[in-house]
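Trainee: A structural model of the following input is requested.
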Amino acid sequence: MSTLSMLTSTTSSLTRRRFLQRRYLSAVVSREVNARNCRFHVLHNNPDAPHQILCLPGSLGTASTDFSVQLSNGIGEKFGLVAIDPRGLGRSNMTTDGKQFVREYPSDFYLQDALDGAGIMKALGYNEYSVMGWSDGANAAMYLAANKEVKDAVKKLVVFGGNSYVTEEDIEAYEAVRDVSKSWSERMRTDKSAAHGGLETLQILNDRYTDAMRKILYDYNGDVCLTELHNITCPTLIIHGALDVICHEYHAQYIAKHITNSKLEVLEEGKHNLHMKYADQFRTIVGDFLTDSPENKYQEDDDEPQPDIDHIAYGFMGSKSLFAALRVGIFDAIDSVDGSATFNDIETACDISGERLKTLLSACVALKLIRRRIDENGTDLFHLPKASSKQLVRTSRQYWGDYLSMQVDGQFYNRLADIDNTIKHGTEASHGYESWFDSDPEAAKNYTKAQHNGSLATAYALHKRLPELASDFPSMRMLDVGGGSGAFSIVTSRVIQDATAVVLDLPNVIETTKSIISEEEESVRSRVSTLALSATDPGSWTNVVEEESFDVVLLSYVSGSIPSEALAGLYSNAFRALKPGGKAIIHDFFINNDGRGPPNAALWALAHISVNPAGMGLIPKRVINILSEQGFIAPRVHELIPGMTKVIVAKKKNA
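Mentor: Numbering: from 1, shown residues only. Got it, this is the predicted structure:
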């Protein structure tokens with residue numbers, strides 16, 4: 001990951017490595033390989049093995065400094081290791097025409113190292129191989145496994161100590177060890193000076209590396225390989241040392257979460273140099289992973305959870321029980337009574353009598369929406385659990401029952417009745433939100449009001465999840481695309497004192513938006529304006545939305561609600577509307593990259609088909625690739641509503 005990774009080796013580990021180098025030196029072949037206009041120094045273990053592994057070292061690392069233990073011990077008899085000195089480091093400091101050079105760090109140096117590695121393997125005659133990268137080498141390895149020109153050659157990927165982004169804290173750490181004469185140990189300074197041709201060259205290299213990492217943070221918002229992660233498709237093993245103080249576990253977790261078909265292995269006693277100190281355990285873990293055959297990967301375990309068909313089939317009855325209880329006022333009736341409510345209390349408040357009310361109460365009790373107990377006189381008493389009190393009682397600040405009853409039940413429930421026909425015939429059955437709202441203004445009004453009830457809490461959660469918005473943009477100007485009721489703009493104006501916002505939505509939506517905004521205090525409503533415009537027509541923004549005039553463009557619940565062919569134009573418009581350094585925020589129902597859930601997000605994606613059959617099934621990978629094509633950088637994925645929605649934050653590069 002950084003120069004710091006080189007400082008983790010202890011005296012004992014260095015001694016062991018030197019011993020192993022002396023003992024097994026004859027088993028390792030030293031090669032010079034010409035690739036991509038550079039003469040690369042390569043150390044090769046077991047070159048005739050059927051499965052070769054390209055090994056990419058950390059920053060300022062070489063084949064011998066970073067992989068001597070693996071080269072000496074091997075991974076197994078079926079595996080060969082090809083460890084390289086990266087371009088301009090160690091003995092890879094000569095061009096193919098004989099000119100000596102010192103390593104430079106261009107903005108794409110990770111991609112450069114990845115393509116160099118692929119070029120070396122091709123020159124050696126290997127068309128298929130696995131890749132193993134440590135620290136900075138892990139980042140280059142992820143580029144190699146993601147790059148469409150070379151990724152098909154990669155059978156499997158093993159990374160450890162890598163990071164997909166850098167932070168201000170990382171830069172402070174790099175700066176702390178910039179001066180090799182003052183901040184490095186004598187042993188490390190001596191070893192690295194010998195590897196790179198002297199102390200002066202070592203200092204030049206370290207300065208260039210540190211400057212490159214600063215550039216990544218300040219010019220690219222810390223983006224190391226945030227986009228590339230999502231384009232890795234080969235089986236991937238991420239190994240992390242729980243005691244690693246250089247590369248924290250959240251980096252490994254983020255990488256594992258966003259690479260499809262990946263697995264995270266944590267060594268409880270491991271540090272940054274876990275492959276050196278725990279070489280035997282590392283060898284076993286990596287060997288087992290590389291040996292595992294994809295053809296036999298999936299075998300259903302008898303203990304694997306099975307689908308609850310009954311629960312799924314009868315689930316709609318539970319939904320209707322909730323909606324009916326909301327509509328007739330059962331939750332409000334129980335809440336209005338001090339202590340527990342009797343059946344008579346509920347009967348009187350709801351103006352319902354007889355067995356129908358008893359049956360509905362029993363259904364709600366069975367669903368745990370209501371608690372029921374019997375007192376010493378045999379009287380049924382009812383009270384609400386905390387979740388129902390907070391979310392289903394109208395007087396609660398966290399109430400969102402109107403959203404459930406008006407939008408989920410009143411609109412989507414009915415539309416899903418014909419979902420099989422919509423899936424079969426697509427646009428023949430439905431023509432999208434714009435057509436729906438144009439043909440039914442009352443539906444647009446109810447949808448917007450219901451969404452407001454559900455979105456206020458989500459808007460506050462967004463600011464809590466992204467507190468940097470307030471510090472990065474204290475006088476934020478936000479364009480709220482498809483902003484509906486204006487909930488996110490209203491909350492932004494409440495939270496950030498000097499923020500202003502423009503809500504962009506369809507004309508028949510904006511009329512309701514204006515009414516909702518007018519109910520806010522003057523200090524808020526004066527800073528929220530509206531713009532009646534279609535988000536799906538890229539050309540409609542021309543000469544209407546001023547270019548480079550917004551700090552933030554928010555697209556909440558928009559990407560999954562418009563035709564997929566309109567996404568590129570929408571994101572392009574957002575890019576043009578942003579000032580340099582501005583951010584686009586995509587909030588929606590996202591399925592994980594592996595397509596396995598979460599269930600609520602998957603169900604909402606299905607619900608949107610009932611209105612928008614030409615829409616895209618949203619996964620982070622697909623959206624991030626479109627954002628990248630429009631020029632956005634540093635796309636970070638965050639959870640917002642647990643198990644349901646995600647936020648992707650991408651940046652327009654600074655001027």
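Trainee: make it CA atoms for all contacts and neighbour counts henceforth
Mentor: Fine.
Trainee: quick one: low-confidence ranges for the stretch 151-300 of the chain?
Mentor: Along the stretch 151-300 of the chain, the model assigns pLDDT under 70 to residues 294-300.
Trainee: Strands along that one, start to end?
Mentor: Here the stretch 151-300 of the chain has its strands, by DSSP state E, counting those that start in this stretch, at 154-160, 236-241, 262-267.
Trainee: Check the stretch 1-150 of the chain too.
Mentor: So, for the stretch 1-150 of the chain - with DSSP E, counting those that start in this stretch - the strands run 28-35, 38-45, 51-56, 79-84, 94-95, 129-134.
Trainee: Summarise which helices and strands the last one is packed against.
Mentor: Under the contact criterion of 3 or more Cα pairs under 8 Å, 6 or more residues apart in numbering; DSSP states H and E, the helices and strands touching strand 129-134 comprise strand 51-56, helix 136-146, strand 154-160.
Trainee: Redo these as JSON lines? Include mean neighbour count and distance to A459.
Mentor: As requested, the helices and strands packed on strand 129-134 are arranged in JSON lines below (neighbours: other Cα atoms under 10 Å; distance: least, Cα to Cα, whole Å):
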{"stretch": "strand 51-56", "mean neighbour count": "26", "distance to A459": "43"}
{"stretch": "helix 136-146", "mean neighbour count": "29", "distance to A459": "34"}
{"stretch": "strand 154-160", "mean neighbour count": "24", "distance to A459": "36"}
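Trainee: Reformat the ones you listed as TSV; add distance to E172.
Mentor: Output for those, formatted as TSV (distance: least, Cα to Cα, whole Å):
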stretch	distance to E172
strand 51-56	25
helix 136-146	17
strand 154-160	22
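Trainee: and D351, which of those is closest to it?
Mentor: Comparison of those against D351 by Cα to Cα identifies helix 136-146 as nearest, at 63.1 Å.
Trainee: can you list contacts of the closest one?
Mentor: Residues from elsewhere that reach helix 136-146, judged by Cα atoms under 8 Å, 6 or more residues apart in numbering: 1-2, 55-59, 110-111, 113-115, 117-118, 131-133, 150-152, 154, 157-164, 224-225, 228-234.
Trainee: again, only using 7 Å
Mentor: Here helix 136-146 makes contact (Cα atoms under 7 Å, 6 or more residues apart in numbering) with 1-2, 56-59, 110-111, 113-115, 131-133, 150-151, 154, 159-164, 225, 228-229, 231-232.
Trainee: same question, stretch 42-52
Mentor: By Cα under 7 Å, 6+ apart, the list of residues contacting stretch 42-52 from outside reads 27-32, 63, 71, 78-85, 129-130.
Trainee: quick one: buried residues of that stretch?
Mentor: Residues of stretch 42-52 classed as buried under the neighbour-count rule (16 or more other Cα atoms under 10 Å) are 42-47, 51-52.
Trainee: Need the distance between the two termini of that stretch.
Mentor: In stretch 42-52, first residue to last residue: 13 Å (Cα to Cα, to the nearest Å).
Trainee: hang on, the earlier thing: out of the helices and strands packed on strand 129-134, flag the one nearest L533.
Mentor: helix 136-146 (37.8 Å).
Trainee: quick check: angle from that closest one to strand 154-160?
Mentor: 150 degrees (axes from the mean of the first three to the mean of the last three Cα atoms, to 10 degrees).
Trainee: Please state the offset of helix 136-146 from the chain centre?
Mentor: How far helix 136-146 lies from its chain's middle: 18 Å, per Cα atoms, centre = their mean, to the nearest Å.
Trainee: Equivalent analysis for stretch 148-157, please.
Mentor: With Cα atoms, centre = their mean, you get 22 Å for stretch 148-157.
Trainee: can you list the residues that contact it?
Mentor: Against stretch 148-157 from outside (Cα under 7 Å, 6+ apart): 118, 127-132, 144-145, 234-237, 290.
Trainee: gap between the two ends of it?
Mentor: 15 Å.
Trainee: Tell me which two in the buried residues of stretch 42-52 are the farthest apart.
Mentor: Based on Cα to Cα, the longest span within the buried residues of stretch 42-52 runs between V42 and H51 and measures 17.0 Å.
Trainee: Please tell me how far the residue nearest to L369 when sequence neighbours are not counted sits from D116.
Mentor: What sits nearest to L369 in space, not counting adjacent residues and going by Cα to Cα, 6 or more residues apart in numbering, is S388, at 6.2 Å. Distance, S388 to D116, by Cα to Cα: 59 Å.
Trainee: Counting neighbours around each, name which of those two comes out higher.
Mentor: Using other Cα atoms under 10 Å as the criterion, S388 and D116 rank with D116 on top: 23 against 17.
Trainee: contacting residues for that one?
Mentor: For D116, the contact set (Cα under 7 Å, 6+ apart) comprises 35-36.
Trainee: Equivalent analysis for G329, please.
Mentor: C350.
Trainee: confidence score at it?
Mentor: Note for G329: predicted pLDDT of 95.
Trainee: Kindly report the same for the one 4 residues further on.
Mentor: Note for A333: predicted pLDDT of 95.
Trainee: for stretch 210-230, which positions count as buried?
Mentor: Using 16+ other Cα under 10 Å as the test for burial, stretch 210-230 gives 210-217, 219-230.
Trainee: Filter those residues down to the ones in helices?
Mentor: Among these, the ones falling in helices (DSSP state H) are 210-217, 219-220.
Trainee: And the helices and strands packed on strand 129-134: which comes nearest M644?
Mentor: Closest among the helices and strands packed on strand 129-134, using Cα to Cα: helix 136-146, at 27.2 Å.
Trainee: roughly how far apart are I238 and M142?
Mentor: 11 Å.
Trainee: For N221, give me its contacts.
Mentor: Contacts for N221 were tallied using Cα under 7 Å, 6+ apart; they are A634.
Trainee: if I look at it, how far off is N163?
Mentor: As judged by Cα to Cα, N221 and N163 stand 14 Å apart.
Trainee: Ok, F40 next?
Mentor: 25 Å.
Trainee: try G119
Mentor: 24 Å.
Trainee: got the buried residues for the host helix or strand of the residue nearest to L369?
Mentor: Per DSSP states H and E, S388 falls inside helix 386-391. Of the residues in helix 386-391, 388-391 count as buried by neighbour count, 16+ other Cα under 10 Å.
Trainee: Then stretch 363-375?
Mentor: Buried-residue list, stretch 363-375, by 16+ other Cα under 10 Å: 363-365, 369-372.
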